[in-house]
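*Asks:* What follows is a protein structure lacking sequence information:
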C-alpha cells in the first residue's frame, strides 16, 4: 500500500490553471497534488548571441524554488550567490524537453523564456514543471499568433509532458510524492510527446541496482501517466 | 483623477489569506490589488552566531521577486549570482519593521525567518510584504504557543503594517499602484504600529523637492491607510 | 547632556577642503568632527547603456569604507567579494540626492561618478558624504565649464546637503556622532536643497516607535543644520 | 558506416593505466580512444558535516576539463568563477555511480574524493571517467586495507562501468566518439554493475523522439559494452 | 634627464606621519612625492585557524586603491566582486616583507592586520606601502607593550623598507614615479632590512632583457635608497 | 648533501615531449623530475578589446593545478569559485615571460593562449611551465607559418626558459624540488632568454635575509641551468 493510498498506476489530482499572471504572455499554475509550480512564458525579442541573424528562435527555461516550498527551509539561491547543481540540472532538462516539440525556424528570431517556480513542493517538481510549462509556452505562441508574429501553424509540433515512476517497497508505482520518493529504491523520470515518442529518460538506482525488466515496468507506467497528462493539457486549452 | 479611479485616500482591494503553505509554521498570501506577495514564516532552532547563549531570539526577512512578476521579465537573481541593492534594501526594511513589534526575549532562543516572495507586482510590493508578513509571523508564534515553546503572552507587542503615499499630478494620494508610482513626483513609504507609533519613514523626491507641508499631508494619508490595514489584519485572525 | 557636550542643535566642527586629489576633476575632503570622507568626482565620456543617444548625462555614486575606519576592523568588501546591503543602500542614496539638483540634459552626454570613501568613521558618514560630494561635483562641473564642455549656466540647479538627527535620552538632537547614534532611540537622515526643499527623509525607530510630534522636531532641527551646511558649502567655493 | 569505421557494437580501444600519480592513494589514466581522463582517488579523514559521528564514510567526485581538451579552447572554469551546469551534472553522476557499489559503513568514517580530469576529449568523457574512477577507487581501498584501515572484505560490493550508445544515421551504435555524438539523433548513457544491475540510465532525444524499441536496442548494446569494460577492469587489477 | 628632474639616485620627498587614525592601534600616512598611502595596523585576538594553539602570532596585509587614486578612474574592486591579480600579488608581498622582521613567537597568539590603502597614486605604491606599514606595525607593537601584552623586547627584529629602481632612457635611476615607470625599460622592486639584508627582489624587463651588470647597478641604487628610508623611519619614531 | 642527492648545480632529469595534444596548435608535456606540466598553445582569432585594430597580437597564459597534483588534495579552484593569489601571480609571470621573446607586431592580429596545467607537482612548477610553454608556443607559431598566417621569420625573437635556485642548508643549489623548497632559507626564480638576457628575477628570503653575495651565487647557478634548458629546447625541436 502506498502512503498516499493511491493505486500503483494512479496519478495525484492534477490541475492546470491558465492565465494566472497579469504580465506574462503565457502562464500556467500546475498542481500535482501538493506540488504547485507557477510557469510563465516570457517573449523576448533578442535571441542568444550564437543564434543571431539565423532566422531561428530559441526556447529556454529557468527553475527555482521558494525557500519554504519544502518541509525545512532551504537557503535562498539568490542569497547564496549561485544556483545549485540540482537546479541547473533541472532547468537544462526543462529547456531540452520543450525544444523537442518546438519548430525553432517557425518561431522566428524570438526567444521564449519559461520560468518554473515551485511555490510548494511534495515530490515530482520537475515533471509538474515540464507539464505546466508546455501550457504556458502554448499560450505564449497563441499570443504571438494573435499579433501575426508567427506565420506558420506548427510552431508547436506536439505536446510534451513528464512523470516520475519508481520502485516503492518492491512495487513499481506511478507519480511519486515526497513520502514515496524519499524511500523509493529506484527513481525514474520520463518525458514524452503527445504521440508517445520518448524525449528523455532518467533512471537512478537509489539503493540496489534495478533490472531491465523492472525498468520496462516503469516505462509502461510512464506511458499511461503521460497519456493522461496530455489529455489534461488538451482539456485545459479547449 | 487617478489612473485607478480611486479616491485620493482609497486603498486598493486588500486581502490577507492565511494558511496557504503546507509546510510553513505561518503563511499569508497578501494582495494589494494586483500586487500579490506570498509570505511564509519559518521557525529555526538556531539564532545568528552573535546572539548565541543570550536567551534571546531573532526575526529576519528575505525578499524576492519571481522573474516575470513584472511587466518586463527581470533577470533571476539566483542566476545573476547576487541580490540587487534594491532587494537588500527592502529585506532589511521588512526585518527591521517586524522586529519593532517583537519582544525578542519573550521569543526565546529561536529565529523566525520570514520570506516575502512577490508572485505578481503592481507597485507597493514592500508595503504589502510588511503587512502580510505580520500575519505569517503571528501564526508562527501561535504555532509555537500551541506547542508550549513560548511562555509569555506578549511575544508580539503590537501590529505592524505599511503603506505608500505619493504626490501624483500635484495631489497627495494613498497606496500608489505601478501606473501612479512610475509618474509620481514624490514617493513615500510609512511603517506604523497598530497603536499609531511610527517605525519607519522613507520619503524620496522623484522630481522636484517636496515641502514640509506636503510631507505632512502624506503622513496624514498614511495614518488613515495603516489604520485600515490593521483592521484587516485583526479580521483575518479572528 | 550629550556625550559630545554639544547643544542639542549644534553641529560638530565641519570642514570642506577642496582640490585634495591630484587626478580627479573635482574633489573634497569633508570632515564632520572625527568623521572624514574623501569625495572625488570623475568625469567619464560614456553614459549607462540605457541612456545612450539621448543627449542626457548621468550622475552616479559609490561608497566605501576603509577597513579600519571603524573602532573594530571590518572585513574589506573587495576581499569579501561583494558590497554589503548597507553599502549599496548608502550609495544609492548619495546618487539619488545628487541627481535631484543636477539638470541632466544640461550636463550633456557625460557621466560623473562620485566616489565617497570613508577614511575615518564616527557616525553620520552618509550625511557627510552627500555634503562633501556636492562640492566635488560642483568643481567637476566647473572643470567642464572651463573647457567649454557644458554650455548652460545651470547644470547644478541648487545646493544639496544632509544631516542626521535623533532622539537621544528622550531629547531630539542634531548631528549624531557614533556614541550618540549607537544608543539613540530614533535615527533620521534628511537630505535637503539650498532652498529648503526636501529630497529624502529616512527615519527609523531603533527602540520604541516615535510620534508625529517627535518627527516634526527632528525635521525642524534638520532644517537648521542643513542651512548651516549650505552656508559652509558656499564659503568653501568662494 | 560509422565515421570511425567501427562495427556498431565495437568499443574504441580502451586502456586503464594504474598508479600514474605519485601522490594519490589510487589513480588511473583511462583512455577510450582519443578521450583521456586522469582519475585520482584521495583519502581524507574528514567526512561531510551531516555524516559526522555516524561511523559511515562517503565517496564524492569532481569533474573538470583542461581548457584545450576540446577542439576549440573553452574558458577555464576557475577563471570564470564557477562550474557550468554540465560539469556539476557530470560530477554528481560520477559520485552517485561510485556510491552504488560502495558499502559506506564498511568504509568507516573516511571520505574518498575522486577527481576526474579530462586531459583530452573526443566524446564519452563521463563514461570513461566512471570506468576509470572505479579503478582508482579500488586502489585507494586497497591502500587502506594494506594499512589495516578497513576491516571487512567488501567495501567495494561490485564493479561499476559506463558507456554511451546512440542512434547514428538511423542505426543504434555503441560508444560514440565526438564525430558521432555531435550528429547522433539520440544519445544515451548507461551505468551498470559487474553483475549487470542498472544504476543509471540517461537517454536524450537530440532530434526526433525515439521509440521504446529503439531504446531497447541501445540498452542491449550497452550491456555488451559494459561487460567488456568490466573484463578490462578485472584484467587491469590482476 | 629624468622627467622629475631628480638626480639618478635621488628619492622623491618622503614623509611618514604617525597617529593619523583615531581607531587603529598603529597608523602611518606615508608619502613618496605624490604617492600617498594610508597604513593602519589592527590588533586582533584571533590567529588564522592553522596557527591556533601554537603560541605564535601572525602578521598579514591587505592592499587597496581608491577608485580615483589614479589618472583614470578604475573600477572599485568591491563592486567588481573580486581583487585583481595585481592587488593580491602586492598584498602578499607586503605581508611577507613585514613577517621577515617579526618574531612571531615573541608576538604571542595575536594577529596584526596591516591595511595599506592608496589615497593617491604616482608610481611606487607597493614600496611606499611597505615602508609606511613598518611604522604602523611598530606603533601597534608599542601599543601592546604599553599594555603588557608582549613580554620580550624584540618582537620587531629590524626595520624593513622598500624602493623601486629602473632603467630609464638607458640609465639606472632610483624611485620611479609614474611618468618614469610607464616608459622604463626595466622595473625592479627591492625590499631590505635596516641592517642591509635582502628580503625580496623582483626585477622585470618591460622591453629588452637586462644584463647582470645592469641589475647590479639597480641593486646598488636600492641599497642607498633603502638606507635613507630606514633613517627616515628612525627619525619618525623618535 | 641534498635530499635528492644531486650536485649543487645539477638539474633534475628534464624532458620536453611535443605534440601531446590532439587538438592544440602547439603542445608540450614538460617534466622536471616528478614535476609534470602539460602546456598547450591555442590560437584564437580575437585579441583583447584594448588591442583591436592595431595590427598587433597578444600572448597570454593561464595556470592551474589538478587537485591531487600535490601531496595533500587541494580544493579545486573552479569549485572554490576563484583563482588563488598564487595562481594569478604565476600565470601573470608566465605571460610576461613569453611576451618578452615574441614580436607582437609580427604575430599579427591573433591571440595565443598558453595553458599550463600541473598534472603532478614536486616543486618548481612555474619554472617548468615557462620552459615547456615556450615549446608549445613555438609549435603554434610553426603551425601558423605552415598556413601562411605569419609572414616574417622572427615572431619568436629568442628562447625563454626558467629555473629556481635556493639556499639549502647554507649552500646555494640549483632546481629545488619540493623537499628542498620547503626547507630552503631563500628561494629565487630566474627567467632568461637564450642569449642570456634576464627577463625576470624573483628572490624571496623565507627565513633570514640574504646577502648580495649569496644572491650573486644564485644568479650564477641560474645562468648555468637555463643554458642547459635552452639546449634541451633546441634538441626537442630538431
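*Replies:* That came in fine, so what should we check first? This structure is a prediction, so every number in the text was calculated from the model and none was measured.
*Asks:* Make sure residue A:191 is indeed in a strand.
*Replies:* Yes. Under DSSP: H, G, I helix; E, B strand; the rest coil, residue A:191 falls within a strand.
*Asks:* Up against chain B, what does chain A have?
*Replies:* Applying Cβ under 8 Å from any Cβ of the partner chain, one finds that chain A approaches chain B through A:21-24, A:27, A:34, A:38, A:40, A:42, A:44, A:62, A:64, A:66-71, A:73, A:76-83, A:87, A:113, A:115, A:117, A:119-120, A:122. The C-beta positions use only the backbone N, C-alpha and C, and glycine is treated the same way.
*Asks:* Can you name the residues bridging to residue A:59?
*Replies:* Beta-bridge partners recorded for residue A:59 (DSSP bridges): residue A:112.
*Asks:* Roughly how far does the residue of chain A positioned farthest from its centre sit from residue A:144?
*Replies:* Distance from the C-alpha centroid of chain A peaks at residue A:53, with 29.8 Å (Cα atoms, centre = their mean). As judged by Cβ to Cβ, to the nearest Å, residue A:53 and residue A:144 stand 20 Å apart.
*Asks:* Buried ones from the residues of chain A next to chain B, can you make that a ChimeraX selection?
*Replies:* Only the buried entries of the residues of chain A next to chain B go into this ChimeraX selection, using 16 or more other Cβ atoms under 10 Å in any protein chain shown:
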select /A:21,22,23,24,27,34,38,40,42,62,64,66,67,68,69,70,73,76,77,78,79,81,82,83,87,113,115,117,119,120,122
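*Asks:* Kindly identify which of the residues of chain A next to chain B also come near chain C.
*Replies:* Okay, of the residues of chain A next to chain B touching chain C (Cβ under 8 Å from any Cβ), that's residue A:81.
*Asks:* I'd say residue A:13 and residue A:35 touch.
*Replies:* No. Taking contacts as Cβ atoms under 8 Å, residue A:13 lies outside contact range of residue A:35: 10.8 Å.
*Asks:* Tell me where chain A has helices.
*Replies:* Ranges of helices in chain A, per DSSP state H, are A:77-80, A:85-99, A:104-107, A:125-146, A:178-181, A:212-236.
*Asks:* Determine how far the first one lies from the middle of the whole chain.
*Replies:* Helix A:77-80 has its average C-alpha position 23 Å from the chain's average C-alpha position, going by Cα atoms, centre = their mean, to the nearest Å.
*Asks:* Touching it from outside, list them.
*Replies:* If you take Cβ atoms under 8 Å, 6 or more residues apart in numbering or on different chains as the criterion, helix A:77-80 is touched by A:64, A:83-84, A:87, B:62, B:64, B:76-78, B:80, B:82-83, B:87.
*Asks:* and that helix, average pLDDT?
*Replies:* For helix A:77-80, mean pLDDT is 92.
*Asks:* OK, contacts around the residue of chain A found nearest chain F?
*Replies:* Per Cβ to the nearest Cβ, the residue of chain A with the smallest distance to chain F is residue A:82, at 7.8 Å. Contact analysis of residue A:82 by Cβ under 8 Å, 6+ apart lists B:78, B:81, D:82, F:81.
*Asks:* Which residue comes closest to the most centrally placed residue in chain A once chain neighbours are left out?
*Replies:* With distances taken as Cα atoms, centre = their mean, chain A has residue A:130 as the residue nearest its mean C-alpha position (1.2 Å). Spatial nearest neighbour of residue A:130, excluding adjacent residues (Cβ to Cβ, 6 or more residues apart in numbering or on different chains): residue A:162 at 4.0 Å.
*Asks:* How much space separates the closest residue to chain E within chain A from residue D:62?
*Replies:* The nearest approach of chain A to chain E comes at residue A:81, 9.6 Å away (Cβ to the nearest Cβ). Look at residue A:81 and residue D:62: by Cβ to Cβ, they are 20 Å apart.
*Asks:* I figured residue A:204 hits residue A:181, correct?
*Replies:* No. Applying Cβ under 8 Å as the test, residue A:204 and residue A:181 come out as separate, 11.2 Å apart.
*Asks:* Give me the common contacts of the two.
*Replies:* Residues touching both residue A:204 and residue A:181 (Cβ under 8 Å, 6+ apart) are residue A:187.
*Asks:* quick one, which of the two is more surrounded?
*Replies:* For residue A:204 versus residue A:181, the count of surrounding residues by other Cβ atoms under 10 Å in any protein chain shown is larger for residue A:204: 21 against 17.
*Asks:* mind listing what the more buried one touches?
*Replies:* Taking Cβ under 8 Å, 6+ apart, one finds A:186, A:187, A:188, D:96, D:199, D:200 in contact with residue A:204.
*Asks:* Could you double-check that the last one lies in contact with residue D:92?
*Replies:* Which is residue D:200. No. Contact criterion Cβ under 8 Å: residue D:200 and residue D:92 do not qualify, at 10.5 Å.
*Asks:* Compare those two (neighbour count), which wins?
*Replies:* residue D:200 (21 against 16).
*Asks:* how far away is the more buried one from residue D:160?
*Replies:* 10 Å.
*Asks:* Find the residues that touch each one of these two.
*Replies:* Common neighbours of residue D:200 and residue D:160, using Cβ under 8 Å, 6+ apart, are D:97, D:100, D:191.
*Asks:* Out of these, which comes closest to chain A?
*Replies:* residue D:100 (5.9 Å).
*Asks:* Count residues in the vicinity of residue A:89, would you?
*Replies:* Residues lying near residue A:89 (other Cβ under 10 Å) number 19.
*Asks:* residues touching the closest residue to it other than its chain neighbours, list them.
*Replies:* The spatially closest residue to residue A:89, leaving aside those adjacent along the chain, is residue D:89, at 4.8 Å (Cβ to Cβ, 6+ apart). Residues in contact with residue D:89 (Cβ under 8 Å, 6+ apart) are A:85, A:88, A:89, A:92.
*Asks:* In the sheet, which residues pair with the closest residue to residue A:222 other than its chain neighbours? Tell me.
*Replies:* Excluding the flanking residues, the one nearest residue A:222 by Cβ to Cβ, 6+ apart is residue A:190, at 3.8 Å. For residue A:190, the beta-bridge partners under DSSP bridges are residue A:163, residue A:201.
*Asks:* Looks like residue A:190 contacts residue A:198 (just checking).
*Replies:* Yes. Counting by Cβ under 8 Å, residue A:190 does reach residue A:198; the two are 7.1 Å apart.
*Asks:* Farthest-apart pair in the contacts of helix A:77-80, please.
*Replies:* The largest separation in these, counting by Cβ to Cβ, is between A:84 and B:87 at 19.5 Å.
*Asks:* picking that back up, mind putting the contacts of residue D:89 in CSV, pLDDT included?
*Replies:* Formatted as CSV, the contacts of residue D:89 follow (pLDDT from 0 to 100):
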residue, pLDDT
A:85, 91
A:88, 94
A:89, 94
A:92, 95
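*Asks:* Out of these, which comes closest to residue E:140?
*Replies:* residue A:85 (44.9 Å).
*Asks:* Not counting its neighbours along the chain, what's nearest the closest one?
*Replies:* Nearest non-adjacent residue to residue A:85 (Cβ to Cβ, 6+ apart): residue D:88, at 3.3 Å.
*Asks:* Give me the neighbour count for the one you found.
*Replies:* As a burial measure, residue D:88 scores 21 neighbours (other Cβ under 10 Å).
*Asks:* For it, list the residues it contacts.
*Replies:* Residue D:88 touches A:85, A:88, A:89, counting by Cβ under 8 Å, 6+ apart.
*Asks:* Okay, the second one and chain C: tell me how far apart.
*Replies:* If you measure residue A:88 against chain C using Cβ to the nearest Cβ, to the nearest Å, the figure is 21 Å.
*Asks:* can you check residue A:6 too?
*Replies:* If you measure residue A:6 against chain C using Cβ to the nearest Cβ, the figure is 46 Å.
*Asks:* I'm done for today, thanks for sticking with me.
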